[in-house]
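>>> give the three-dimensional model of this entry:
(one chain, ligands or ions: 1)
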Amino acid sequence: MRLPTHRHRAGACLLDPAQACQPNETYFHFLSKAGLQIYGNEKAVGRAIAKSGLPRESILVTSKVGRTKHGYDRARASCLQSLKGLGLEYIDLMLVHWPGAKTGWPLRRGELSPADWTPAMREETWRALEDLRAEGKLRNIGVSNYARHHLEQLLRSCRIKPMVNQVELHPLHAQTDLVEFCRSAGVLVQAFASLGGGDGAGYSPLLTHPVVKSLAASLAKAPAQILLKWAVMKGLHVIPKSRSAARMKENLEIGDFILTEVQMSLLDALDMGRRLT
Ligand SMILES: NC(=O)c1ccc[n+]([C@@H]2O[C@H](COP(=O)([O-])OP(=O)(O)OC[C@H]3O[C@@H](n4cnc5c(N)ncnc54)[C@H](OP(=O)(O)O)[C@@H]3O)[C@@H](O)[C@H]2O)c1
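Predicted structure coming up:
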């Protein structure tokens, strides 16, 4: 399990691990995720890592190549910029954020970024990541928001298989076919929005779902713990996000119970292909 800093900006959150928790606490060692150019937090994450004094190998840093950066040269430059921003020699996991180019606001209708985008460009983007991995600058490489057909395209042309596919996945959107495909292809599925996504405004259709709440009450656990346990028992990698050290701790404390087959199937039955993000 990772504790991400996604959308956490310098000064607005627990980016400084020294503020978040004590260095000898387990969750401290996993407080690292997504120093991401588009969220503008790479420098702050880099500073926090340096300040922590922790051995580099005890921290896992993930970043992403944004969808405006598709293409060999752009993707390579984006990764090198991430390394520079973080002040690190290598990044543990670099993901291609989206299979497609950027559309929509602030672009005009019909406009794409990059403007020269073609679906074949995905292969060039990937080649840039493969080369940087060979150079030792990226330890692991993967993708995000890739559907089965995107993965099939990549698997046909790649030298190195994507190690991870990070996708929205929770009981309301279980993506069973994609999970099965990834499993058979040897790609680890990393679930985001396990708790419903968003910025903790207090309402999440998952955390407040009657089935989740009733399981939580019957097991004397928090709704978030039920959702994370469901995902972990399905063999998924989870990356719940919180600005609260107490909730980070709660999210890590799911090792002392299991969900029965019946309890798992109650959650499985909620799947309606509903995206929340
Ligand atoms: N690849 C993509 O396109 C993509 C898209 C979105 C997210 N992500 C990744 O997914 C990671 C997780 O973020 P997410 O957006 O998916 O959100 P999430 O983990 O589903 O969490 C949503 C909100 O739940 C609240 N929360 C956390 N623990 C809780 C608990 N124990 N009880 C009650 N509320 C709790 C948090 O608010 P508080 O801060 O107030 O605790 C958090 O803002 C991100 O860091 C990012 O790396 C990836």
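
>>> now the strands for the protein?
62-65, 91-96, 138-144, 164-168, 188-192, 237-238 (DSSP state E).

>>> please identify the deepest-packed of those strands.
Across the strands of the chain, the average number of neighbours (mean count of other Cβ atoms under 10 Å) peaks for strand 62-65, which reaches a mean of 28. In this view, the C-beta of every residue, glycine as well, is placed from N, C-alpha and C.

>>> spell out which parts of this protein neighbour the ligand.
Within the chain, the residues that sit near the ligand (Cβ under 6 Å from any ligand atom) are 4, 6, 33-34, 97, 144-145, 166, 192-200, 207, 222, 224, 239-244, 247, 250-251, 277.

>>> which of those are buried?
Buried subset of those (neighbour count, 16 or more other Cβ atoms under 10 Å): 4, 6, 33-34, 97, 144-145, 166, 192-197, 207, 222, 224, 239-243, 247, 250-251.

>>> just give the nearest non-adjacent residue to L112, would you?
Excluding the flanking residues, the one nearest L112 by Cβ to Cβ, 6 or more residues apart in numbering is A101, at 4.5 Å.

>>> what sits against the one you found?
By Cβ atoms under 8 Å, 6 or more residues apart in numbering, the contact set of A101 is 67-68, 70, 112-114, 117, 121.

>>> so which of those is the most crowded?
H70 (30 neighbours; other Cβ atoms under 10 Å).

>>> and that residue, what are its phi and psi?
With angles defined as degrees, to the nearest 10, H70 sits at phi -60, psi 150.

>>> does it really touch A120, like I thought?
No. Between H70 and A120 there is no contact, the gap being 10.1 Å when judged by Cβ atoms under 8 Å.

>>> check the gap between the residue of the chain most remote from its centre and S144 for me.
Note on the chain: the largest C-alpha distance from the chain mean falls to S218, namely 29.9 Å (Cα atoms, centre = their mean). As judged by Cβ to Cβ, to the nearest Å, S218 and S144 stand 35 Å apart.

>>> mark which of the buried ones among the residues of the chain next to the ligand are part of helices, please.
Using DSSP state H, the subset of those located in helices is 224, 247, 250-251.

>>> would you turn these into TSV with pLDDT?
TSV is the format used below for those (pLDDT from 0 to 100):
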residue	pLDDT
A224	96
R247	93
E250	96
N251	95
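
>>> how about those residues in CSV, adding distance to S78?
Compiled in CSV, these are given as follows (distance: Cβ to Cβ, whole Å):
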residue, distance to S78
A224, 33
R247, 31
E250, 35
N251, 30
